[in-house]
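Trainee: here is a sequence together with a model predicted from it:
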Amino acid sequence: MMTGCRRSSGGGEERSEAPVRRDWPEIQASGKLIALTDFNSTDYFIYRGEPMGYQYELLKALAQYLNIDLEIIVDNDLERSFSKLQRGTCDIIAINLTVTSERKHILRFTHPIGQTRQVLVQRKPAGWRRMTLDAINKALIRNPLDLAGKTVYVQKNTSYAERLRNLAEEIGDTIHIVEVEMEVERLIKMVADGEIDYTVADENVAQVNSTYYSILDVRTAISFPQKLAWGVRKEGSDELLKMINGWIDSYRKTLDYALIYKKYFKNPKSKVRVKSDYFVLGNGRISPYDDMIKRCSDTLGWDWRLLASMIYQESHFDPRAVSWAGAMGLMQIMPSTVKRYHVKDPFDPEENIRTGVRFLQWINTIFDETVLDEQERIKFILASYNTGQGHVKDAMRLAEKEGADPTSWEVVRHYLLKLSEERYFLDPVVKYGYCRGDEPVNYVDQILDRYEHYKNIVQE
């Protein structure tokens, strides 16, 4: 189960903090690897309701290799990210960190996960579509020497600034470097919009963004190829680093790795993704139905992002979806529910969501006097929506019979899984018989997992 920065070439000094001992044995004992990344258009984002991203998919593959759960936290400030690593808030910084000598004083790098160059991001000249390629090149900076006297905005605490300072020394002239607390991709957009003239980015990220903004030119390199890696704590991470490096060395040779890289950095459809209304970074929305979901979740008393995750699980936000069992619409309401609540049009998005919420409220009344903890009760409600409250009640009765806590979801999920075994579904306390318990258990896990990703990226 997964729960939920690239300062792609980030750097910066980190204040001294007491080292934390949380190496692989401690992480394995906890059952969870905590990875920090940031959200942007390539590394970690929500698209069509699903968490996606280059770093996200690599982290999933790593967690699967380590046979451990993954928790993702986000922070788009690299200095804070380093601090969190040192404090033990996370176990690994999973962003494209440029490997530099300066950073080796702060953390330990994994083996490289890739390489890139730093490039200048600039606008093509006005009327460039009618110009020859030679004329365009003459209007642009192609030789780093020509950066003398120019003003370049870069993200604060990144190695971009370091590289520009070195470049200024190399050319023997001044480059006006303005470090700002802004995302690399935000600065790229500012160049495209004409708000600033120049910024610097890693080539792979710059190339992706140039597909969104055709006015941009990203062909002028200002550095040699540089290694990109993840980071772990400088002390107390020997075994974790060994495990990760073993995985990187083998995984980078696989077709899966090549496909993931191509998907996020080479696929021409990435432009369609970012321009889409379903791309959360673009507009902060999860679905076309966010406003309806917010209104309806208020009556339920849930975080709207939790309800959105549930709706995605039910229908992938398809208001015309119909299941093999006849469930309809966004919340897959059953014909009996349509009849019970006198629904006029089960495919009308707002009426469908209102009806689903009314049904959830009714399920809540079944558990509100027994499962007092609201967060625990949500899991019982979700499972009941999926498989019926009768099977959930059966699992609770089995737990109680065997002396376990029937109000703990961890306990009850165990007995739900047992309800596919004859010994259990024929037990006298079981009233509703056989249940394929992995379905409601996975249903709850997947909704809550996606909800964590929504919380990471989408404002409440």
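Mentor: Cool, the structure landed.

Trainee: render the CA-only coordinates of stretch 381-388 in PDB, please.
Mentor: This file holds the C-alpha atoms of stretch 381-388, laid out as PDB (Å, rounded to 0.1, in the frame of the first residue of the first chain):
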ATOM      1  CA  ILE A 381     -18.400   2.600   5.700                       C
ATOM      2  CA  LEU A 382     -16.200   2.300   2.600                       C
ATOM      3  CA  ALA A 383     -16.000  -1.500   2.900                       C
ATOM      4  CA  SER A 384     -19.800  -1.700   3.400                       C
ATOM      5  CA  TYR A 385     -20.400   0.500   0.300                       C
ATOM      6  CA  ASN A 386     -18.400  -2.000  -1.700                       C
ATOM      7  CA  THR A 387     -19.500  -5.400  -0.300                       C
ATOM      8  CA  GLY A 388     -22.600  -4.700   1.800                       C
END
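
Trainee: buried residues of it, list them for me.
Mentor: For stretch 381-388, a neighbour-count test (16 or more other CB atoms under 10 Å) marks 381-387 as buried. (Each C-beta comes from the backbone N, C-alpha and C, glycine too.)

Trainee: buried sites along the host helix or strand of residue 208?
Mentor: Residue 208 is located in helix 203-212, with elements delineated by DSSP states H and E. Across helix 203-212, burial judged by 16+ other CB under 10 Å covers 203-212.

Trainee: quick one on the thing from earlier: identify the farthest-apart pair in the buried residues of stretch 381-388.
Mentor: Spatial extent of the buried residues of stretch 381-388 (CB to CB) is set by the pair 381 and 387 at 11.7 Å.

Trainee: about what we covered before: mind putting the buried residues of helix 203-212 in CSV, distance to residue 181 included?
Mentor: Converted to CSV, the buried residues of helix 203-212 look like this (distance: CB to CB, whole Å):
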residue, distance to residue 181
203, 23
204, 23
205, 18
206, 20
207, 25
208, 22
209, 19
210, 24
211, 26
212, 23
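
Trainee: among those residues, which one lies nearest to residue 261?
Mentor: residue 204 (8.5 Å).

Trainee: give the other helices and strands that the helix holding residue 208 contacts.
Mentor: The contact analysis (3 or more CB pairs under 8 Å, 6 or more residues apart in numbering; DSSP states H and E) places helix 203-212 against strand 114-116, strand 118-123, helix 184-192, strand 216-221, helix 255-265, helix 270-275.

Trainee: repeat the analysis, applying 6 Å as the threshold.
Mentor: strand 118-123, strand 216-221, helix 270-275 (3 or more CB pairs under 6 Å, 6 or more residues apart in numbering; DSSP states H and E).

Trainee: how about low-confidence regions in the protein?
Mentor: Counting by pLDDT under 70, the chain has low-confidence residues at 1-19, 268-284.

Trainee: now with 50, please.
Mentor: Residues of the chain that meet the criterion pLDDT under 50 lie in 3-16, 272, 278.

Trainee: quick one: the helices in the stretch 51-200 of the chain?
Mentor: Ranges of helices in the stretch 51-200 of the chain, per DSSP state H, counting those that start in this stretch, are 54-66, 78-87, 133-139, 159-171, 184-192.

Trainee: in the last one, what counts as buried?
Mentor: I take that to be helix 184-192. Residues of helix 184-192 classed as buried: 184-185, 187-192 (neighbour count, 16+ other CB under 10 Å).

Trainee: would TSV of those residues with distance to residue 391 be doable?
Mentor: Formatted as TSV, these follow (distance: CB to CB, whole Å):
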residue	distance to residue 391
184	49
185	47
187	53
188	52
189	50
190	55
191	57
192	54
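
Trainee: what about the strands in the protein?
Mentor: Applying DSSP state E to the chain gives strands spanning 2-3, 32-37, 45-47, 50-52, 69-74, 92-98, 107-109, 114-116, 118-123, 151-155, 176-180, 198-202, 216-221, 226-233.

Trainee: next, the distance between the ends of stretch 215-230.
Mentor: The straight-line separation of the ends of stretch 215-230 (CA to CA, to the nearest Å) is 32 Å.

Trainee: what are the C-alpha coordinates of the helix holding residue 208, in PDB please?
Mentor: Provided in PDB are the C-alpha atoms of helix 203-212 (Å, rounded to 0.1, in the frame of the first residue of the first chain):
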ATOM      1  CA  GLU A 203      17.600  19.600 -20.100                       C
ATOM      2  CA  ASN A 204      15.000  16.800 -19.800                       C
ATOM      3  CA  VAL A 205      12.600  19.100 -17.800                       C
ATOM      4  CA  ALA A 206      13.200  22.000 -20.200                       C
ATOM      5  CA  GLN A 207      12.500  19.800 -23.200                       C
ATOM      6  CA  VAL A 208       9.200  18.700 -21.700                       C
ATOM      7  CA  ASN A 209       8.200  22.200 -21.000                       C
ATOM      8  CA  SER A 210       9.200  23.400 -24.400                       C
ATOM      9  CA  THR A 211       6.500  21.100 -25.800                       C
ATOM     10  CA  TYR A 212       3.900  23.100 -23.800                       C
END
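
Trainee: quick one: it to chain centroid distance?
Mentor: Distance of helix 203-212 from its chain centroid, counting by CA atoms, centre = their mean, to the nearest Å, is 20 Å.

Trainee: the residue lying closest to residue 84 once chain neighbours are set aside: what's it in contact with?
Mentor: In this structure, residue 84 finds its nearest non-sequential neighbour in residue 90, 5.2 Å apart by CB to CB, 6 or more residues apart in numbering. Listed by CB atoms under 6 Å, 6 or more residues apart in numbering, the contact set of residue 90 reads 34, 36, 73, 84.

Trainee: surely the second one meets residue 92?
Mentor: No. Look at residue 36 against residue 92 with CB atoms under 6 Å: they stay out of range, at 7.1 Å.
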